[in-house]
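Student: Output the structure for:
(one chain, ligands or ions: 2)
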Amino acid sequence: MALIVLESASASPGVTATAVGLAVTWPRPVLLLDADPTGGSAIHAGYLRGMVPPADSLLDLALANRHGHLVEAISETSSPIEGTQVSLISGIRSHAQAPTLTGLWNPLAAALKSLERTGQDVIVDAGRLGLVGSAEPLMYAADLCLLTTRSDLVSLSGARSWAATLRDGFERTGGLSSLGVLMVGEGDPYSAREVRKVLQLPVTASLAWDPDAAAVFAKGAKAPKKFDSSPLVRSLRAAQTAITATVTANRADLTLQPVGSSR
Ligand SMILES: Nc1ncnc2c1ncn2[C@@H]1O[C@H](COP(=O)(O)OP(=O)(O)OP(=O)(O)O)[C@@H](O)[C@H]1O
Ligand SMILES: [Mg+2]
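Tutor: Ligands and ions are numbered 1, 2, ... in the order given. Below you'll find the predicted structure:
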């Protein structure tokens, strides 16, 4: 199991669309966790078109944590998304519920990691950084934490200070190689190389700028013609390969570290 967390600094770059897109095209069973503290059940309202009522999965998990059966509750509170290999843990409905989650993230990170043996990967939509109830502990526990940004000046300007904060945090915990950038719309106008230079972080993956295909994942729009071979879906598959390779390389590094060294 790999825990992959996506978040943004500002400007709605496409965290939810990317998390959903990665999950529904993931080559193995995957858990999709809506951890956006803004609330509003964006995946239910968007990709699922409001057809499936949102469950109170995260609140149920917070309760299960208090009663000491968090691990068992993960499968009980997740629901399959029809026609996919995705199980969804619904988020909160309102931002007012976010403070309830503060004590959940650390134990949930540990519980998700204990699912390693099931081989199920976990993709997390952590929403925007810096909000009350933010899933920061999940980010720092992740195999890969991806700061999601577009490549224009406004987005990069917003992402820059958060990139520095995350870099410091990951450096302190010794896991800097678990932090990267996911770029939505490379070359519009800046390239991955320029983004890496500005944010001082590796660009782990870049997604194509493809509004029609993105609307399927963000809003449940009708799939355009040749959706499966659309620029976005092709770039999502390339992103999966890059993500898996980075996680594998990080794990190999970890096993090579001398006994007693901390990560
Ligand atoms: N690769 C892409 N190409 C073109 N448009 C995209 C792409 N990814 C996302 N979008 C569009 O960007 C808009 C915002 O997407 P989304 O809701 O996923 O962003 P977000 O970062 O989750 O925002 P928020 O911070 O509000 O939760 C949507 O209209 C979506 O269709
Ligand atoms: Mg979102």
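Student: Could you identify the longest helix within this structure?
Tutor: helix 231-256 (DSSP state H).
Student: and that one, what other elements does it pack with?
Tutor: helix 15-24, strand 144-150, strand 203-207, helix 211-219 (3 or more C-beta pairs under 8 Å, 6 or more residues apart in numbering; DSSP states H and E). All C-beta atoms are positioned from the backbone trio N, CA, C, and that covers glycine.
Student: Contacts only, for T118.
Tutor: Applying C-beta atoms under 8 Å, 6 or more residues apart in numbering, we find T118 in contact with M1.
Student: ok so, going back, for the longest helix of the chain, buried residues please.
Tutor: 232-236, 239-240, 242-244, 246-247, 250 (16 or more other C-beta atoms under 10 Å).
Student: Distance from the chain centre to it, please.
Tutor: 14 Å (C-alpha atoms, centre = their mean, to the nearest Å).
Student: The residue lying closest to T77 once chain neighbours are set aside: neighbouring residues, count only.
Tutor: Nearest residue to T77, sequence neighbours excluded (C-beta to C-beta, 6 or more residues apart in numbering): S57, at 4.0 Å. The tally of other residues near S57 (other C-beta atoms under 10 Å) stands at 21.
Student: Could you double-check that S57 lies in contact with S75?
Tutor: No: applying C-beta atoms under 8 Å, one finds S57 not in contact with S75, separated by 10.9 Å.
Student: coming back round to it: do you know how far the residue nearest to T77 is from G187?
Tutor: 38 Å (C-beta to C-beta, to the nearest Å).
Student: So which bits of the stretch 51-200 of the chain are right by ligand 1?
Tutor: Residues of the stretch 51-200 of the chain that fall close to ligand 1, judged by C-beta under 6 Å from any ligand atom: G127, R128, V184, G185.
Student: Tell me where the stretch 51-200 of the chain has strands.
Tutor: Here the stretch 51-200 of the chain has its strands, by DSSP state E, counting those that start in this stretch, at 79-80, 86-89, 121-128, 144-150, 179-184.
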